[in-house]
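In: okay, predicted coordinates and the sequence, questions at the end:
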Amino acid sequence: MFVRSLAIATALLLLQLPLTSAQAQSASVASFQVPATYTLGTKPRTLHPQVGAAGGVLGSRSTGSALGVDSLLNWSSYFYDQGIDPFGFYAFTWQYTMVGSSPYAEAESTTIRAPIVPVNIDMRDANGAPAYATNGARLYVDATRYIQPVLRSPIFSSTTYDSSLRPTQFTDAIQRAEFYNVAPSSWHTTLASVVRQARTMQLPLGSYHYALNTDGSCCRFVLVDINVFSNELLPPTPNDATTVVGAAENAGDITTRDMSTFLFPDTYLYFPPFTAPNNCCVLGFHGYDAEPGSAANGWREKRYVLNYSAWISPGIFGGGFTDVTALSHELAETFNDPFTNNNTPWWLAPNGNCQDNLETGDVIEGLSNAVIAITLNGFTYHPQNEALVQWFGGVTPSTAISGAYSYPDKTVLPTAAVSQTFGCGGPL
């Protein structure tokens with residue numbers, strides 16, 4: 001009888017300590033759980049960097065690479081079109097920088113190393129300990145399971161496109177479509193994938209929301225505060241090794257000569273406050289991490305060109321957004337705007353986006369025909385169609401393959417952009 005009384009008393013004591021018990025921590029974490037159907041009411045999109053009409057003409061030569069920077073191989077050119085610049089002034093010449101070697105003159109093929117860093121998600125409770133759902137499921141998501149599907153996708157594996165005489169990769173096919181009528185058939189820019197050490201991003205309680213799978217396991221998707229995510233991703237100082245990118249840089253897993261992908265498992269970003277569903281969901285972004293140079297590289301600024309992209313499981317979003325949609329979007333934009341500073345005349349896209357930069361995927365994302373199905377290696381992938389540089393330059397008729405303004409689906413954009421007044425107040 002004494003033993004039984006002790007057991008009962010101990011149980012009652014545990015129930016009277018809600019602030020420190022594992023059960024209470026799970027209850028606190030549970031308040032951040034959302035329904036598995038939550039994302040179906042959101043607007044999936046990528047994040048375009050904020051940088052500062054018919055009749056346009058593409059330049060016919062390269063003006064060289066970006067000066068004074070230590071980064072991947074790149075080349076520059078220009079187009080002519082009337083438009084308004086980021087400061088509200090009229091401009092007629094628009095320079096741009098792209099990845100690889102110039103398609104003009106002595107065009108050369110280029111292979112760029114493309115590290116893939118899988119990033120696992122580790123959600124934490126109020127005490128900073130591993131978080132658990134109320135059913136006991138550990139809130140941790142492994143990204144490495146998506147490496148093989150990505151490697152076998154059209155992003156890194158070759159298939160046939162009418163812009164190339166030989167099978168090639170998705171991003172190369174798009175770039176060849178843009179310069180199909182000026183580049184030799186041997187001109188290609190391809191990615192040599194290499195899988196790097198997996199990294200883990202820890203998320204503090206309050207910075208994430210999650211939905212469980214139908215079997216109760218973690219997780220169908222994770223939604224993360226974009227500010228917290230950025231702070232956990234990008235290094236605040238040159239020698240930082242605590243953030244995901246900082247650790248990869250310091251370990252030598254990525255270099256300034258690479259085009260690096262940080263691959264996340266069904267991890268999407270929202271802008272705080274979490275007011276469902278208006279502030280969600282960002283599926284990817286691209287840019288570069290700038291670090292100071294040293295004597296070893298001639299004191300040139302180091303630019304680590306990279307992207308965050310989420311693998312998208314089926315049924316999470318509408319509009320065909322699934323598998324490599326985000327990754328294809330970000331890498332195609334990186335090819336066309338690696339340093340996120342290619343300004344263009346203000347344009348108003350069919351999807352309602354109003355911008356003034358050469359972000360090829362933003363023009364098309366969200367349209368009913370935004371993605372294209374490509375079956376490769378026994379799986380049907382869904383990369384996104386992209387706008388071509390001729391669309392931004394108002395080149396009429398288009399000088400791209402078959403007079404197209406979009407690719408691989410040439411019907412998505414039937415006409416060129418019309419230059420807009422500042423902030424898309426109307427046609428110029």
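Out: Yep, it's here. Numbers count the residues shown, from 1 in each chain.
In: so who does the closest residue to E365 other than its chain neighbours touch?
Out: Excluding the flanking residues, the one nearest E365 by CB to CB, 6 or more residues apart in numbering is R45, at 5.8 Å. All C-beta atoms are positioned from the backbone trio N, CA, C, and that covers glycine. Neighbour list for R45: C281, V282, L283, E365, G366 [criterion: CB atoms under 8 Å, 6 or more residues apart in numbering].
In: could those residues go into CSV alongside distance to Q202 and neighbour count?
Out: As requested, those are exported to CSV (distance: CB to CB, whole Å; neighbours: other CB atoms under 10 Å):
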residue, distance to Q202, neighbour count
C281, 21, 24
V282, 20, 23
L283, 21, 27
E365, 30, 26
G366, 32, 17
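In: ok, these vs Y90, which is closest?
Out: Distance to Y90 across the contacts of R45 (CB to CB) is lowest for E365, with 29.1 Å.
In: wait, isn't that closest one in contact with P383?
Out: No. Assessed by CB atoms under 8 Å, E365 is found out of contact with P383, at 12.0 Å.
In: so where do the helices sit in the stretch 101-250 of the chain?
Out: Taking DSSP state H, counting those that start in this stretch as the test, the helices found in the stretch 101-250 of the chain are 147-151, 170-178, 226-233, 244-250.
In: any figure for the gap between A241 and G287?
Out: For A241, the distance to G287 equals 20 Å [CB to CB, to the nearest Å].
In: out of the two, which sits in the more crowded spot?
Out: G287 (22 against 12; other CB atoms under 10 Å).
In: leaving out sequence neighbours, find the closest residue to that one.
Out: Distances taken as CB to CB, 6+ apart place T340 nearest to G287, at 5.1 Å, with adjacent residues excluded.
In: what residues sit buried inside stretch 404-412?
Out: Of the residues in stretch 404-412, A404, Y405, S406, Y407, P408, D409, K410, V412 count as buried by neighbour count, 16 or more other CB atoms under 10 Å.
In: likewise stretch 216-223?
Out: C218, C219, R220, F221, V222, L223.
In: cool, and stretch 201-209?
Out: For stretch 201-209, using 16+ other CB under 10 Å, the buried residues are M201, L203, L205, S207, Y208, H209.
In: ditto for stretch 160-170
Out: Those would be Y161, S163, S164, T168, Q169, F170, for stretch 160-170 by 16+ other CB under 10 Å.
In: quick one: mean pLDDT for it?
Out: Throughout stretch 160-170, pLDDT has a mean value of 98.
In: first-to-last residue distance for it?
Out: Start and end residues of stretch 160-170 are separated by 9 Å (CA to CA, to the nearest Å).
In: ok, and what's touching it?
Out: Residues contacting stretch 160-170 (CB under 8 Å, 6+ apart): 154-159, 172-174, 176-177, 180, 185, 188, 190-191, 328, 331-332, 374, 383, 401-402, 407-408.
In: picking that back up, widest-spaced pair of the contacts of R45?
Out: V282 and G366 (12.9 Å).
In: let me have the buried residues of stretch 404-412 in CSV, extended by secondary structure.
Out: Shown next, in CSV, are the buried residues of stretch 404-412 (DSSP: H, G, I helix; E, B strand; the rest coil):
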residue, secondary structure
A404, coil
Y405, coil
S406, strand
Y407, strand
P408, coil
D409, coil
K410, coil
V412, coil
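In: redo those residues as JSON lines? Include distance to V117 and pLDDT.
Out: Output for those, formatted as JSON lines (distance: CB to CB, whole Å; pLDDT from 0 to 100):
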{"residue": "A404", "distance to V117": "34", "pLDDT": "98"}
{"residue": "Y405", "distance to V117": "34", "pLDDT": "98"}
{"residue": "S406", "distance to V117": "30", "pLDDT": "98"}
{"residue": "Y407", "distance to V117": "28", "pLDDT": "98"}
{"residue": "P408", "distance to V117": "27", "pLDDT": "98"}
{"residue": "D409", "distance to V117": "30", "pLDDT": "98"}
{"residue": "K410", "distance to V117": "34", "pLDDT": "98"}
{"residue": "V412", "distance to V117": "31", "pLDDT": "98"}
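In: closest to I121 out of these?
Out: Looking across the buried residues of stretch 404-412 and measuring by CB to CB, the closest to I121 is P408, at 32.0 Å.
In: pretty sure the closest one is touching I372, no?
Out: Yes. P408 is within contact range of I372, at 5.4 Å (criterion: CB under 8 Å).
In: how about the most centrally placed residue in the chain, what does it touch?
Out: Taking CA atoms, centre = their mean, the centroid of the chain lies closest to G284, which sits 3.0 Å from it. Residues counted as contacts of G284 (CB under 8 Å, 6+ apart) are T46, L47, N307, Y308, S309, A310, A326, L327, H329, E330.
In: anything in contact with each of P408 and I372?
Out: N385.
In: quick one: low-confidence residue ranges for this structure.
Out: Applying pLDDT under 70 to the chain flags residues 1-27, 47-55, 60, 276-277.
In: ok, longest strand in it?
Out: Using DSSP state E, we find that the single longest strand of the chain is strand 110-123.
In: CA atoms only: put that strand into PDB for me.
Out: Extracted C-alpha coordinates of strand 110-123, given in PDB (Å, rounded to 0.1, in the frame of the first residue of the first chain):
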ATOM      1  CA  THR A 110      31.500  26.100 -70.100                       C
ATOM      2  CA  THR A 111      31.100  23.700 -67.200                       C
ATOM      3  CA  ILE A 112      30.400  25.200 -63.800                       C
ATOM      4  CA  ARG A 113      30.700  23.200 -60.600                       C
ATOM      5  CA  ALA A 114      27.300  23.100 -58.800                       C
ATOM      6  CA  PRO A 115      27.500  21.900 -55.200                       C
ATOM      7  CA  ILE A 116      24.300  20.700 -53.600                       C
ATOM      8  CA  VAL A 117      24.100  21.100 -49.800                       C
ATOM      9  CA  PRO A 118      21.100  19.300 -48.300                       C
ATOM     10  CA  VAL A 119      19.800  21.200 -45.200                       C
ATOM     11  CA  ASN A 120      17.900  19.300 -42.600                       C
ATOM     12  CA  ILE A 121      15.300  21.100 -40.400                       C
ATOM     13  CA  ASP A 122      15.600  20.700 -36.600                       C
ATOM     14  CA  MET A 123      12.700  22.400 -34.700                       C
END
